[in-house]
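Chemist: generate a structure from the sequence data that follows.
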Amino acid sequence: MTDRPNPVTPQEPAGGPQATSPRGAETLSTPEISAPMLDVHAPHQTVHTWKDFLIHIAAITIGLLMALGLESTVEWLHHRHQAQQALELLRQELDQNRKVLKADIAEGDRMELNHRKALAVLHRLRAGSLRPDDHLVFIRTYNDFRSSAWKVVHESGAAAYIPSNVMKRYGVIYDAQQGINEAAAAVYVDLQKATSVLNTEQPNPNQAEDDRLQREVETADARDDFARLKAGIPMDDIQSKLSGNPDLSRLSPAQIDRLEQGFQQAVTDDRRLHRLYVSLDALHSESTN
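Modeler: Predicted structure coming up:
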C-alpha cells in the first residue's frame, strides 16, 4: 500500500488572513500617517475681522477712559480737600488779624494822645513853665498783622484750587495789612530818630529792667486773645518807663525844635495810620458778607 503524502494545509500567517492583504496593510499604516493630522484643521470661523478689531479697540479705549476718569476724580477730591483746608487757615488767620486791628486802633489813638501831650510839654519847656511831672513818652508799640497762613497757602500750591475771586479778595486784605505793617514800622523808626537826642540827656538806663518791660510788651502783644488788653495792663506806665526820664532843661532851642517837628510828624502819621485802620476794617467787614 502506497503511503499518500498528507496534504499540506496552508498555514496562515501569524498575523491572520489580513496580514498579507494590501487592504490590511493600508489599515495598519493609516493610523501612523493620519494621527499627527488630527489637530490640524481649518478654523470654523474667522479669527480677526474689522468688527472684532474695532470692538477690541473700543474696549481698551473705554478702559483707559475709566481709569483716567477715576484718577481725575481722586485728584479732584484731593484738591478740593486742600482748598477747604487752605480756606480754613485763611479764615482763622483773618479772625486773629481782626483782633490785631481792634487793638491797633485803640493803641494808635492812645499814641496820638501821648504825642499831643509831648507837644504841650515842649511848648511849656520853651515858655519856661515846665511842670514837675512833665515828661516825654516817645516809645510806641504796634501789633503786626500775621500772614503765615497766606504764605503757606501759596507755597503749598493750594491757592491754585481756590476760586480766583476768593483769592483776589483775600489778596486785597493781605496787601492792605502788609502796607500797614510797613507804615507802622516806619513811623516807629522816624520817631526814634527824631527823639534820639533824649537818649543822651538821661543817665544810663537799667538795661535789665528795660529788657523785662520789653519782653512783657512783646509777649502780651503775641497772645491770641490779647489778654493784656482784657487784664488792663497799664501800657502807659510801661512806655513811660521805657522812655526814661531825661533832663529836659538841658535841651537847646534847636533840639526842642527837632523834637517838636518829630512829634508833629508822629501826630500826622497817627492820623494816617488811623485812616488805614478804618479802611482795613471795611475790607474785613466785606469779607464776611
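Chemist: what distance do you get for Glu88 to Asp257?
Modeler: 54 Å (C-beta to C-beta, to the nearest Å). C-beta here means a position set from N, CA and C on the backbone, and glycine is covered the same way.
Chemist: what pLDDT does the model give Glu71?
Modeler: Glu71 carries a pLDDT value of 71.
Chemist: name the helix or strand for it, please.
Modeler: Using DSSP states H and E, Glu71 maps to helix 50-127.
Chemist: using CSV, write out every CA atom in whichever helix or strand comes after that helix.
Modeler: Note on helix 50-127: by DSSP H and E, the next helix or strand toward the C-terminus is helix 148-155. What follows is helix 148-155 as a C-alpha-only set of coordinates in CSV (Å, rounded to 0.1, in the frame of the first residue of the first chain):
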residue,chain,number,x,y,z
SER,A,148,1.8,132.9,57.8
ALA,A,149,-1.3,131.2,56.5
TRP,A,150,-1.3,133.3,53.4
LYS,A,151,2.3,132.2,52.7
VAL,A,152,1.5,128.5,53.4
VAL,A,153,-1.4,128.5,51.0
HIS,A,154,0.8,129.8,48.2
GLU,A,155,3.9,127.7,49.0
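Chemist: check which residues of helix 148-155 are buried.
Modeler: Within helix 148-155, the residues scored as buried using 16 or more other C-beta atoms under 10 Å are Ala149, Trp150, Val152, Val153.
Chemist: ditto for stretch 90-106
Modeler: Buried, per 16+ other C-beta under 10 Å, within stretch 90-106: Leu90, Glu93, Leu94, Asn97, Arg98, Val100, Leu101, Ala103, Asp104, Ile105.
Chemist: burial of the spatially closest residue to the last one that is not a sequence neighbour, as a residue count?
Modeler: Yep, that's Ile105 we're talking about. Excluding its sequence neighbours, the residue lying closest to Ile105 (C-beta to C-beta, 6 or more residues apart in numbering) is Tyr277, at 4.9 Å. Using other C-beta atoms under 10 Å, Tyr277 has 21 neighbouring residues.
Chemist: ok, now Arg126?
Modeler: Neighbours of Arg126 (other C-beta under 10 Å): 14.
Chemist: and the residue nearest to Ile105, what does it touch?
Modeler: Residues in contact with Tyr277 (C-beta atoms under 8 Å, 6 or more residues apart in numbering) are Leu101, Asp104, Ile105, Gly108, Ile180.
Chemist: for the helix or strand where the last one lies, the averaged confidence score.
Modeler: Secondary structure from DSSP H and E places Ile180 in helix 164-194. Across helix 164-194, pLDDT averages out at 94.
Chemist: flag every buried residue along it.
Modeler: Buried-residue list, helix 164-194, by 16+ other C-beta under 10 Å: 167, 170, 173-174, 176-177, 180-181, 184, 187-188, 191, 194.
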